[in-house]
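Undergrad: turn this into a structure:
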Amino acid sequence: MNGAQWVVHALRTQGVDTVFGYPGGAIMPVYDALYDGGVEHLLCRHEQGAAMAAIGYARATGKTGVCIATSGPGATNLITGLADALLDSIPIVAITGQVAAPFIGTDAFQEVDVLGLSLGLY
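TA: Reported below is the predicted structural model:
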């Protein structure tokens, strides 16, 4: 089992049956695992829309909403939704891709300090 399959397995184990997202290079292994993983993916037109859809899903179902996006701009596009969820006490989880480990800190394509950006929310 690879890392992406573990992510999908963990989601299923926690009772997640639906995720919202927009695919991109760094998160594609998770998308591949979703295909056969038993978790429904709902494609959104934009990552911010995916975060907002996860919030709506959480409000409507009482379950935790899950949104996924690629690294860099995909991850930063989730920030508004994360802030909204925090302010409204809505349970959501955001999963993003990341550049390969050897390239972290090198200003690689679509690299961004997602943890640093999101720390201000908590």
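
Undergrad: can you find the helix or strand in the chain with the smallest mean pLDDT?
TA: helix 114-119 (a mean of 74; mean pLDDT, DSSP states H and E).

Undergrad: strands of the protein, residue ranges please.
TA: 18-21, 40-43, 65-69, 92-96 (DSSP state E).

Undergrad: how far off centre is the least confident helix or strand of the chain?
TA: For helix 114-119, the separation from the chain centroid amounts to 14 Å (computed by Cα atoms, centre = their mean, to the nearest Å).

Undergrad: and if you look at stretch 41-61?
TA: 10 Å.

Undergrad: pull out the buried residues from it.
TA: Neighbour-count burial for stretch 41-61, counted by 16 or more other Cβ atoms under 10 Å, picks out 41, 44, 47-55, 57-58. (Glycine included, C-beta is placed from N, CA and C.)

Undergrad: format those residues as a markdown table; extra columns: distance to residue 17 and pLDDT.
TA: Listed next are the buried residues of stretch 41-61 as a markdown table, based on distance: Cβ to Cβ, whole Å; pLDDT from 0 to 100:
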| residue | distance to residue 17 | pLDDT |
| --- | --- | --- |
| 41 | 11 | 97 |
| 44 | 17 | 98 |
| 47 | 21 | 97 |
| 48 | 23 | 98 |
| 49 | 20 | 98 |
| 50 | 16 | 99 |
| 51 | 18 | 98 |
| 52 | 19 | 98 |
| 53 | 14 | 99 |
| 54 | 13 | 99 |
| 55 | 17 | 99 |
| 57 | 10 | 99 |
| 58 | 13 | 99 |
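
Undergrad: count of neighbours near the closest residue to residue 93 other than its chain neighbours?
TA: Distances taken as Cβ to Cβ, 6 or more residues apart in numbering put residue 66 closest to residue 93, at 4.9 Å, once the chain neighbours are dropped. Look at residue 66: counted by other Cβ atoms under 10 Å, it has 24 neighbours.

Undergrad: sounds good, over and out.
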